[in-house]
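>>> sharing a model prediction with you, sequence too.
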Amino acid sequence: NNNNNNNKKYCLLINGDTLSNIFESEKAIKLFTELFQISFNEKFGAINGCKFCDPYISNNYDSINGGWGYIILLTKLLAIKYNFESNKYDLLPEGNFSKILNKNGKGDYEVGISDMNRTMEKFNKAMEVYLEYLFEFLEHLKKEKKIDHKGNYVCPIISGNKINNKCILIEEGKDRVIDNWYQCMKYLLTILKFLICQTLKKENDEYL
């Protein structure tokens, strides 16, 4: 099925030095359209069929962790495409166990949740760090004029740990509100979809 095919491509991309050389052998227009499918319904966003649904239900862990694995991989590929290097972090795509590496050596952040040692607190911190990375990346693209500045009116705005005023941190406690996280993840996927569209536009313009 399509998910199995996506997983096979995923493994090939992160094997050896393929990731760093992918754009020399395959056009970005094919890579991004075939490898990443971002979709939305009324409540949840999804990437390659992995829904960002209720993180307090253990049956959803694989979907959430897999989705974040695709997000880290997509962001890493975009960073390579635009020759971006963060001052503080690096992304390590490893499927359901993807990480954000701290360049100062003060610990890494595993972007996932489980019943074991991957706690909600650690997951929240990893998502917060990812937004910091993504904000730095977007600022780099704007400075280098790699994206259309009109996109400011289309692309959701990151401010600290929020996107369009919806926080990426999952609330804990009895009266938690998960809807804010659902919406923030949809905004995050919208940003990534925007970057894919900008990349495809850039590729098309270069071939005209």
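Yes, it's here.

>>> in this protein, where is pLDDT below threshold?
Low-confidence segments of the chain, defined by pLDDT under 70: 1-30, 149-153, 173-175, 202-208.

>>> isn't Leu73 up against Ser98?
Yes: at 7.3 Å, Leu73 counts as touching Ser98 under the criterion of CB atoms under 8 Å. The way it works is simple: take the backbone N, C-alpha and C, and place the C-beta from them, glycine included.

>>> helix or strand next in line after the helix or strand hosting Leu91, which one?
Here Leu91, judged by DSSP states H and E, is contained in strand 89-92. Next in sequence after strand 89-92, counting helices and strands by DSSP H and E, comes strand 99-102.

>>> following that next one, which helix or strand comes up?
Counting by DSSP H and E, the element after strand 99-102 in chain order, helix or strand, is strand 109-110.

>>> for that next one, which strands pair with it and how are they oriented?
Sheet pairing for strand 109-110, assigned by DSSP bridges, gives strand 99-102 (antiparallel).

>>> list the buried residues of the strand it pairs with.
For strand 99-102, burial by neighbour count (16 or more other CB atoms under 10 Å) applies to Lys99, Ile100.

>>> and if you look at stretch 57-77?
60-61, 63-77.

>>> ditto for stretch 90-98
Within stretch 90-98, the residues that count as buried by 16+ other CB under 10 Å are Leu91, Leu92, Pro93, Gly95, Asn96, Ser98.

>>> state the distance from the residue nearest in space to the middle of the chain to Ile157.
Per CA atoms, centre = their mean, the C-alpha nearest to the average position across the chain is that of Ile71, at 2.7 Å. Distance, Ile71 to Ile157, using CB to CB, to the nearest Å: 18 Å.

>>> over to Asn65?
27 Å.

>>> check Leu101 too.
26 Å.

>>> which strand or helix spans Tyr130?
According to DSSP H and E, Tyr130 maps onto helix 120-143.

>>> quick check: next helix or strand after that helix?
strand 158-159.

>>> in this structure, which helix is the longest?
Longest helix in the chain by number of residues (criterion: DSSP state H): helix 179-207.

>>> for it, buried residues please.
180-199, 202-203.

>>> got it, and stretch 103-121?
Tyr109, Glu110, Val111, Gly112, Ile113, Ser114, Arg118.

>>> got the contact list for the fourth one?
Contact criterion CB atoms under 8 Å, 6 or more residues apart in numbering gives Tyr61, Ile64, Asn65, Trp68, Asn96, Phe97, Ser98, Arg118, Phe123, Ala126 as the residues in contact with Gly112.
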